[in-house]
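Colleague: Based on what follows, work out the 3D shape:
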Amino acid sequence: MSRQIKIILGIFTVLLLLIIANLSWVQIFGAQKIADNTANNRGMVSQYAIQRGQILTADGEVAAQSVQTTSQYKYQRVYPMGPLFANLTGYDSWRYGRTGLEKKFNQDLLGEGNTTFRSWLNGLLGKSRKGNTIVMTADSRLQRTATEALGKQKGAVVALDPQTGAVLACVTYPTYNPNLAVPGSNDDKQAAWNALIADPNQPFVDRATEGLYPPGSSFKVVTAAGALDDGTVTPDSQFDCTGTYHIPQFGNHSIPDFNTRGHGQISFETALIVSCNVTFAQVAIKMGAPAFVAAAEAFGFNKVIPFTLPVAKTHIQSASSMDLLALASAGIGQGQDLASPLQMALVAAAVADGGKIMKPYAVSEVQDYNGTTLQRFGPQEWGSAMKEETSATLTDMMVQVVSKGTGTAARIDGVDVAGKTGTAETGVEGQAHAWFISFAPANDPKIAVAVIVENGGEGGAVAAPIARQVMEEALSQSK
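Modeller: Residues are numbered from 1 along each chain as shown. Below you'll find the model as predicted:
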């Protein structure tokens with residue numbers, strides 16, 4: 001072989017090796033970058049060639065499904081119930097991405113998670129791929145009742161099964177129609193979508209799980225649980241309410257009561273029934289900051305609630321930074337206290353379930369497209385908020401709140417309802433948030449509910465009737 005031929009052969013060999021090396025680098029290290037390139041939609045097109053699985057309600061209604069289209073994105077989402085479950089399902093859109101359960105369970109809905117032999121064989125034979133079905137714990141009838149009861153009032157409703165942690169209903173307002181996230185072939189939804197994004201009322205924020213508000217007097221259940229549990233008070237402990245509690249060492253700073261004339265000599269039990277600020281401010285100070293904060297954290301405050309979907313972390317001021325004024329304010333649910341409706345539903349559920357706190361969850365199972373169960377989700381205990389005997393005592397006190405106290409608007413004929421009102425000051429006159437937390441029946445709880453109406457006023461007048469309607473619907477279904 002001549003020297004020239006050897007040189008040419010060497011050059012071609014080097015070039016071939018460089019080509020092989022480049023292709024190998026692309027396959028091993030550059031594939032993801034290419035797939036993520038916004039100019040490359042091949043991966044997205046292939047995903048939308050799959051008939052994505054349905055999202056069903058607990059009672060079998062379709063909340064989300066895929067339909068065939070003539071576009072390059074073969075299967076696209078349709079949400080038959082519109083806004084009703086938007087905060088839970090979220091949306092799946094080739095233009096705007098994914099949120100909610102659509103995002104959380106994306107692999108399952110694409111059929112890339114757990115699969116049966118039949119679905120695997122269909123894929124092997126080249127048949128049209130179908131994703132798995134997600135079954136929610138929420139019931140469409142209860143969701144609709146909660147939505148109608150809240151109406152056009154800005155706020156949220158959360159209903160839980162206190163014994164399991166299953167979400168029975170989860171409503172937020174304002175909300176949005178997830179169908180707007182799915183561009184159609186003949187209709188341009190961009191203007192409506194842009195209006196949602198620009199809306200100052202933030203319809204994409206799930207107030208049930210991500211809204212943080214001062215809990216007001218609904219938080220007195222937490223203070224009461226801690227004080228009863230550690231022996232700071234008994235239901236018969238006596239307090240003197242003059243209408244204002246002057247904080248020791250704070251001069252003119254004081255905690256006012258809504259009853260400016262005062263309740264006079266009052267038992268701790270009666271103080272919860274009539275929601276006496278003066279008593280609960282004194283109780284918090286009597287507990288001391290470390291014990292008070294520990295009691296709140298036992299309910300999940302200052303922790304991230306382990307939920308199926310994103311949640312906001314609730315807040316209680318640290319014990320080391322609390323002075324007496326801050327402690328007294330925190331004891332009545334004001335100061336730096338911040339709670340989500342989901343958190344306050346867990347407070348009610350903990351009292352209902354003997355002090356245990358169950359992890360809340362929104363999906364009960366994953367099924368293949370033939371209805372075969374692939375994965376189940378069930379009750380898991382998260383922690384303990386109080387002793388069982390404390391929960392029994394507190395239940396009796398909360399029943400009296402509804403039977404003869406501030407929560408009478410939540411009464412249900414023939415049913416003992418346990419509840420607590422809250423009217424949370426916001427710092428703006430006449431703009432208090434209306435709260436109500438409750439569970440029923442008190443002796444065999446089937447449902448725990450938390451309601452907030454932003455700037456709604458008195459919890460007993462505004463939030464309690466909403467909770468009553470939700471509980472009535474749930475109990476009618478359990479008969």
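Colleague: Against residue 289, how distant is the most centrally placed residue in the chain?
Modeller: In the chain, the C-alpha nearest the mean C-alpha coordinate belongs to residue 209, at 3.1 Å (Cα atoms, centre = their mean). For residue 209, the distance to residue 289 equals 28 Å [Cβ to Cβ, to the nearest Å]. Just so you know, the C-beta spots here come from the backbone N, C-alpha and C atoms, and that holds for glycine as well.
Colleague: Contact partners for residue 271?
Modeller: By Cβ atoms under 8 Å, 6 or more residues apart in numbering, the residues touching residue 271 are 239, 241, 263, 279, 280.
Colleague: and of those, the nearest to residue 371?
Modeller: The nearest member of the contacts of residue 271 to residue 371, counting by Cβ to Cβ, is residue 280 at 51.6 Å.
Colleague: Which strands or helices does the helix or strand that contains that closest one pack on?
Modeller: Using DSSP states H and E, residue 280 sits within helix 277-287. Helix 277-287 is packed against helix 220-229, strand 238-241, strand 244-246, strand 254-256, helix 268-274, helix 324-331, with contacts defined by 3 or more Cβ pairs under 8 Å, 6 or more residues apart in numbering; DSSP states H and E.
Colleague: okay, those in TSV with mean pLDDT and distance to residue 297 next?
Modeller: Formatted as TSV, these follow (pLDDT from 0 to 100; distance: least, Cβ to Cβ, whole Å):
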stretch	mean pLDDT	distance to residue 297
helix 220-229	98	10
strand 238-241	96	25
strand 244-246	90	25
strand 254-256	88	23
helix 268-274	98	21
helix 324-331	96	12
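Colleague: closest one to residue 447 among these?
Modeller: Closest among these, once you apply Cβ to Cβ, is helix 220-229, at 16.5 Å.
Colleague: before we move on, back to that, how about the residue nearest to the centre of the chain, secondary structure?
Modeller: Recorded secondary structure, residue 209: helix (DSSP: H, G, I helix; E, B strand; the rest coil).
Colleague: My read is that it contacts residue 344, right?
Modeller: No - if you go by Cβ atoms under 8 Å, residue 209 and residue 344 don't touch, sitting 11.6 Å apart.
Colleague: intersection of neighbour lists for these two?
Modeller: residue 158.
Colleague: Run through the stretch 201-350 of the chain and note the low-pLDDT ranges.
Modeller: Low-confidence segments of the stretch 201-350 of the chain, defined by pLDDT under 70: 250-251.
Colleague: The spatially closest residue to residue 379 that is not a sequence neighbour: what secondary structure?
Modeller: Of all residues not flanking residue 379 in the chain, residue 164 sits nearest, at 4.2 Å (Cβ to Cβ, 6 or more residues apart in numbering). Of the three states, residue 164 takes coil according to three-state DSSP.
Colleague: what's the spacing between residue 164 and residue 101?
Modeller: In terms of Cβ to Cβ, residue 164 sits 18 Å off from residue 101.
Colleague: okay, those two: which has more neighbours?
Modeller: More crowded of residue 164 and residue 101, by other Cβ atoms under 10 Å: residue 101, with 24 against 19.
Colleague: So the more buried one sits against residue 89, correct?
Modeller: Yes - with contact defined as Cβ under 8 Å, residue 101 and residue 89 form a contacting pair (5.3 Å).
Colleague: got any residues that touch both of those two?
Modeller: residue 55.
Colleague: secondary structure element for residue 438?
Modeller: Element membership for residue 438, per DSSP H and E: strand 433-440.
Colleague: and the next helix or strand after that strand with strand 433-440, angle?
Modeller: Beyond strand 433-440 in the direction of the C-terminus, DSSP H and E gives the next helix or strand as strand 447-453. For strand 447-453 against strand 433-440, the angle by axes from the mean of the first three to the mean of the last three Cα atoms, to 10 degrees is 170 degrees.
Colleague: Doesn't residue 77 belong to a strand?
Modeller: Yes - Residue 77: assigned to a strand according to three-state DSSP.
Colleague: For the nearest residue to it once chain neighbours are set aside, the count of nearby residues, please.
Modeller: With Cβ to Cβ, 6+ apart as the criterion, residue 77 has its nearest non-adjacent residue at 4.8 Å, and that residue is residue 92. Number of residues near residue 92 (other Cβ under 10 Å) recorded here: 28.
Colleague: Beta-bridge partners for residue 92, please?
Modeller: residue 98 (DSSP bridges).
Colleague: Look up how far residue 220 lies from it.
Modeller: In terms of Cβ to Cβ, residue 92 sits 42 Å off from residue 220.
Colleague: again with residue 395
Modeller: Noted for residue 395: a distance of 14 Å to residue 220, by Cβ to Cβ.
Colleague: Which one of the two is surrounded by more residues?
Modeller: Taking neighbours as other Cβ under 10 Å, residue 395 and residue 220 compare with residue 220 leading, 27 against 18.
Colleague: and the helix or strand harbouring residue 462, which residues are buried?
Modeller: For residue 462, the enclosing helix or strand under DSSP H and E is helix 459-478. Using 16 or more other Cβ atoms under 10 Å as the test for burial, helix 459-478 gives 459-464, 466-475.
Colleague: Same question for stretch 212-231.
Modeller: 212-230.
Colleague: number of nearby residues for residue 202?
Modeller: Residue 202, neighbours per other Cβ under 10 Å, totals 15.
Colleague: Am I right that it is in a strand?
Modeller: No - counting by three-state DSSP, residue 202 is not found in a strand; it is coil.
Colleague: OK, contacts around it?
Modeller: residue 174.
Colleague: cool, and the one 5 residues further on?
Modeller: When contacts are counted by Cβ under 8 Å, 6+ apart, residue 207 is found next to 154, 155, 156, 172, 173, 341, 452, 454.
Colleague: ok, so of these, who is nearest residue 247?
Modeller: The closest of the contacts of residue 207, once distances to residue 247 are taken by Cβ to Cβ, is residue 452, at 27.9 Å.
Colleague: Please report how far that closest one lies from residue 468.
Modeller: In this view, residue 452 and residue 468 are 15 Å apart by Cβ to Cβ.
Colleague: same check, this time on residue 110
Modeller: In terms of Cβ to Cβ, residue 110 sits 42 Å off from residue 468.
Colleague: again, but for residue 211
Modeller: 22 Å.
Colleague: Strands along the stretch 301-450 of the chain, start to end?
Modeller: Listed in chain order, the strands of the stretch 301-450 of the chain (DSSP state E, counting those that start in this stretch) span 356-358, 363-367, 373-376, 381-384, 418-424, 433-440, 447-453.
Colleague: of these, which approaches residue 78 most closely?
Modeller: strand 363-367 (19.2 Å).
Colleague: Tell me which other helices or strands the closest one touches.
Modeller: So strand 363-367, by 3+ Cβ pairs under 8 Å, 6+ apart, packs with strand 133-136, strand 373-376.
Colleague: any chance of the strands of the stretch 301-450 of the chain in a markdown table, with mean neighbour count, distance to residue 390 and mean pLDDT too?
Modeller: Formatted as a markdown table, the strands of the stretch 301-450 of the chain follow (neighbours: other Cβ atoms under 10 Å; distance: least, Cβ to Cβ, whole Å; pLDDT from 0 to 100):
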| stretch | mean neighbour count | distance to residue 390 | mean pLDDT |
| --- | --- | --- | --- |
| strand 356-358 | 21 | 12 | 98 |
| strand 363-367 | 20 | 31 | 97 |
| strand 373-376 | 14 | 32 | 96 |
| strand 381-384 | 15 | 10 | 97 |
| strand 418-424 | 30 | 14 | 97 |
| strand 433-440 | 31 | 15 | 98 |
| strand 447-453 | 31 | 17 | 98 |
